[in-house]
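Participant: coords please:
(chains A, B, C, D, E and F)
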Protein chains: 4
Amino acid sequence: MTPSAPAEMSTVALDAGLARGGRPRSKEREREILAAALHALVTEGFDAMTIEGVAAAAGAGKATVYRRWHNKIDLVIDAIGEQVALRAEIVDTGDIGADMRSYLRQLQRDLLGPNGALLATFMAERLRHPALAEAFEAQYASEKRACLRKLVRRAVERGALPADTDIDLLAGVGPALMVYEFVQRGGRLPRDLPDRIVRQFFE
Amino acid sequence: MTPSAPAEMSTVALDAGLARGGRPRSKEREREILAAALHALVTEGFDAMTIEGVAAAAGAGKATVYRRWHNKIDLVIDAIGEQVALRAEIVDTGDIGADMRSYLRQLQRDLLGPNGALLATFMAERLRHPALAEAFEAQYASEKRACLRKLVRRAVERGALPADTDIDLLAGVGPALMVYEFVQRGGRLPRDLPDRIVRQFFE
Amino acid sequence: MTPSAPAEMSTVALDAGLARGGRPRSKEREREILAAALHALVTEGFDAMTIEGVAAAAGAGKATVYRRWHNKIDLVIDAIGEQVALRAEIVDTGDIGADMRSYLRQLQRDLLGPNGALLATFMAERLRHPALAEAFEAQYASEKRACLRKLVRRAVERGALPADTDIDLLAGVGPALMVYEFVQRGGRLPRDLPDRIVRQFFE
Amino acid sequence: MTPSAPAEMSTVALDAGLARGGRPRSKEREREILAAALHALVTEGFDAMTIEGVAAAAGAGKATVYRRWHNKIDLVIDAIGEQVALRAEIVDTGDIGADMRSYLRQLQRDLLGPNGALLATFMAERLRHPALAEAFEAQYASEKRACLRKLVRRAVERGALPADTDIDLLAGVGPALMVYEFVQRGGRLPRDLPDRIVRQFFE
DNA sequence: AGATAATCGAGACGGTACGTCCCGTCTTCCA
DNA sequence: TGGAAGACGGGACGTACCGTCTCGATTATCT
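Facilitator: Presented below is the predicted three-dimensional model:
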């Protein structure tokens, strides 16, 4: 993410509507609620946690929560997004194997860390809520995809990969296998998966 | 499960308990309920569907549902097992490219057909509901995976693929990319994806 | 009320709808809820009492209350109606003064007793809820009015009252003055009001 | 309230506190709020109306309302006092029948006119909200009652009515019957009721 | 054939969370 | 400083499902 884009706005929180008059919403309240939500998510799980309970734990009224988030999903996503940054950075050193391995290891750390729950939630809801998928796409995935594509394209141009390489496909194979395995195994991942992927497809 | 077992029992449904006397449970009822459950799962999603709604849609009383299944997950697992037949068959003709292309095309048809929504739902929910994932695994995925693995192993043995091939990884790359794209694109798939996968990874 | 008319049905409670199947509603539950409602009405007052609180006090779920009564008014009316009988009886001994005095004294006792609250509630809501007014009319008022009219008519026929008496008007003057005073004084009544009314208008 | 007091102050409204500096409270605001309150009272009833709704309808902030009135009752009382003019005048021409008939006809017009709904609401709510009753009493009823009493007393002194007349009772019988019928009939009144009352009780 | 017993649809039951509304207080900015 | 706007903690509203339970009415099987 380029430094010129602040983009620190909540992804999902309701707009306050440019409200000119009136008492502004308290950032403090917001932070306390998000913290309570995160705590509830971790200790109780998504299904069991309750908006009512989150509000109570934050010492807030229910209306104060509903004023900002329409539903549990939005609340949870913001709660995670607040504390979290899926910042798997992609650098291009000219060594496609090393670069891809480095990126996949970061992705592995992200999936296994607290962000795994975020990804799971996203995956679970994106088919039913296209808007959510788009938000995720716009905020995170599209940039990663573009970077990976460039990485592969330049490797092909360099001759490090065959000239007839299907660039889009090869750029996607890393994340696809990582996520597929992650889902398949119910949130776990083999330690050496990044290495194996690189060895099989990029060397 | 011993191989001699006919395996026509429900995976999860409660035992009727050898009921000596009394009116036996109606298979008819059971099928109607499972059909209604499946419909609800696909149209509403796991979280939104209600047992009460399934019972009503099946013209059954709530007790008739609870008598057979303790909770929503058990019901849904049985519903899927009963009705679903993702019969992407895997044959081994000795031509790994052709065999893989044939399988992926079948998978593509499945994903885009009526079972696609079901599969997507399943994929989406499995991270949040491990029991669902396990059931799906046991019932469908593990067999496919084993077949694909054998296919790839024999191609390696034949010398059609390099000797240092990561068999597990290569066996998984096809489904992984197909499903990843499917979820990514919100239920659509490029027509030529199977061909591109085969060309890139199996030729 | 003639003995041939059982009329012990709830005035306001929702119909169970002739429900052929299903578990029947428990009379026991109903009685406990009504008792709790009456207690709440007396101790907290109409405005302050809460359906939620009544349900809790009765050890019942909210749905069990709402299944039977749509709103607080209906609940309270039934609660009062259960325990109470506005049974100011009207007898015709041939002495209009004595009979009227006897009736008005009973009415006085009713107004000052626990039924006063009932009347107050009825009066307060009847203009806004015509259905309520009709129910009260049908169940209580119309019969009283007819009796009083007959009482006065026979006194006129007997010559105990002038021949040009406006029977409807004179029949209504007792209750009108009693209730008017009752409302005017905020739920209190002069002890000797029945006597004064009889002395002024019926002797 | 001392007789020298100009009495143009609100009965219940909070004191502005001699506001030394700052912007003075707008009389305009006050009138608009009271008008909105009156409208809400008549159309929705005391219980259903909300201060929030009144403020919104008046285009005022909630604080602007609460700054002047502590609660709904105070607001409503002022609203009525501000706008209502039940100006049934009572004159004493020496003919008790004619005077009473004239007054009752004015009362009839009032009840059937736009103020009728207000009066009805008031009568309906006074039993449940004694403060409302007192306000109404102080502001309207007590004066009328005194006038009517004087009217009757002088008729008795004149010999136009029997010497043993119960003056209070007879003074009250007109309004009592009118209002009782009005409430009983859900806001309607027989055209000839004033005439019949006078003929029966004052001639 | 009759008794026995578990089934069936229906729906009431005590609960719990939902999302909305209003309370009365407060905080902010504008005039 | 008054006023419009509206956020705040609180709490009741009426609804929807949960999973359990009762009800009368069907079925089968076992005497």
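
Participant: can we go C-alpha only for contacts and neighbour counts from here?
Facilitator: Will do.

Participant: Is A:Gly174 in contact with A:Arg199, as I believe?
Facilitator: No. With contacts counted by Cα atoms under 8 Å, A:Gly174 stays clear of A:Arg199, the gap being 11.3 Å.

Participant: Pick out whichever of these two has more residues nearby.
Facilitator: Under the criterion of other Cα atoms under 10 Å in any protein chain shown, the comparison of A:Gly174 against A:Arg199 puts A:Gly174 first, with 26 against 15.

Participant: list the contacts for that one?
Facilitator: For A:Gly174, the contacting residues are A:Leu104, A:Pro194, A:Ile197, by Cα atoms under 8 Å, 6 or more residues apart in numbering or on different chains.

Participant: That one sits in which helix or strand?
Facilitator: Mapping A:Gly174 onto the secondary structure by DSSP states H and E places it in helix A:167-184.

Participant: CA atoms only for that helix, dumped as PDB, please.
Facilitator: Below are the C-alpha coordinates for helix A:167-184, written out as PDB (Å, rounded to 0.1, in the frame of the first residue of the first chain):
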ATOM      1  CA  ILE A 167       1.600 -16.000 -16.000                       C
ATOM      2  CA  ASP A 168      -1.800 -15.600 -14.300                       C
ATOM      3  CA  LEU A 169      -2.000 -19.200 -13.400                       C
ATOM      4  CA  LEU A 170       1.400 -19.500 -12.000                       C
ATOM      5  CA  ALA A 171       1.000 -16.200 -10.100                       C
ATOM      6  CA  GLY A 172      -2.100 -17.700  -8.500                       C
ATOM      7  CA  VAL A 173      -0.800 -21.100  -7.700                       C
ATOM      8  CA  GLY A 174       0.900 -20.200  -4.500                       C
ATOM      9  CA  PRO A 175      -1.900 -18.500  -2.700                       C
ATOM     10  CA  ALA A 176      -4.400 -21.000  -4.100                       C
ATOM     11  CA  LEU A 177      -2.500 -24.000  -2.700                       C
ATOM     12  CA  MET A 178      -1.900 -22.300   0.600                       C
ATOM     13  CA  VAL A 179      -5.500 -21.300   1.200                       C
ATOM     14  CA  TYR A 180      -6.900 -24.600  -0.200                       C
ATOM     15  CA  GLU A 181      -4.700 -26.500   2.200                       C
ATOM     16  CA  PHE A 182      -5.600 -24.200   5.000                       C
ATOM     17  CA  VAL A 183      -9.300 -24.700   4.500                       C
ATOM     18  CA  GLN A 184      -8.900 -28.400   3.800                       C
END
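
Participant: A:Ala56 and chain B, how far apart?
Facilitator: Counting by Cα to the nearest Cα, to the nearest Å, the separation of A:Ala56 from chain B is 24 Å.

Participant: Local confidence estimate at the nearest residue in space to that residue that is not next to it in sequence?
Facilitator: Using Cα to Cα, 6 or more residues apart in numbering or on different chains and skipping residues adjacent in sequence, the residue nearest A:Ala56 is A:Lys62, 7.8 Å away. A:Lys62 is assigned a pLDDT of 97 by the prediction.

Participant: is it true that A:Lys62 touches A:Gly53?
Facilitator: No. The criterion here is Cα under 8 Å, and A:Lys62 misses it with A:Gly53 at 9.1 Å.

Participant: returning to what we had before: among the contacts of A:Gly174, which one lies nearest to A:Val76?
Facilitator: Set against A:Val76, the nearest of those by Cα to Cα is A:Leu104 (25.6 Å).

Participant: does the closest one belong to a helix or a strand, and which?
Facilitator: Secondary structure assigned from DSSP H and E places A:Leu104 in helix A:96-112.

Participant: Would you mind pulling the contact partners of that helix?
Facilitator: Under Cα under 8 Å, 6+ apart, the answer for helix A:96-112 is A:86, A:88-93, A:116-117, A:119, A:151-152, A:155, A:160, A:174-175, A:178, A:182, A:187-189, A:194-195, A:198-199, A:202-203.

Participant: try it again with 6 Å
Facilitator: If you take Cα atoms under 6 Å, 6 or more residues apart in numbering or on different chains as the criterion, helix A:96-112 is touched by A:Ala88, A:Ile90, A:Pro194, A:Val198, A:Phe202.

Participant: How far off centre is that helix?
Facilitator: For helix A:96-112, the separation from the chain centroid amounts to 15 Å (computed by Cα atoms, centre = their mean, to the nearest Å).

Participant: got the CA positions of stretch A:42-55 in CSV?
Facilitator: Presented in CSV, the C-alpha positions along stretch A:42-55 are these (Å, rounded to 0.1, in the frame of the first residue of the first chain):
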residue,chain,number,x,y,z
VAL,A,42,-11.3,-15.2,20.5
THR,A,43,-12.8,-16.5,23.8
GLU,A,44,-16.3,-17.5,22.5
GLY,A,45,-16.0,-17.9,18.8
PHE,A,46,-18.0,-16.2,16.1
ASP,A,47,-21.2,-18.2,16.4
ALA,A,48,-21.4,-18.0,20.1
MET,A,49,-20.5,-14.4,20.6
THR,A,50,-23.3,-11.9,21.0
ILE,A,51,-23.7,-8.3,20.0
GLU,A,52,-25.6,-7.8,23.2
GLY,A,53,-22.7,-9.3,25.2
VAL,A,54,-20.1,-7.2,23.3
ALA,A,55,-22.0,-4.1,24.1
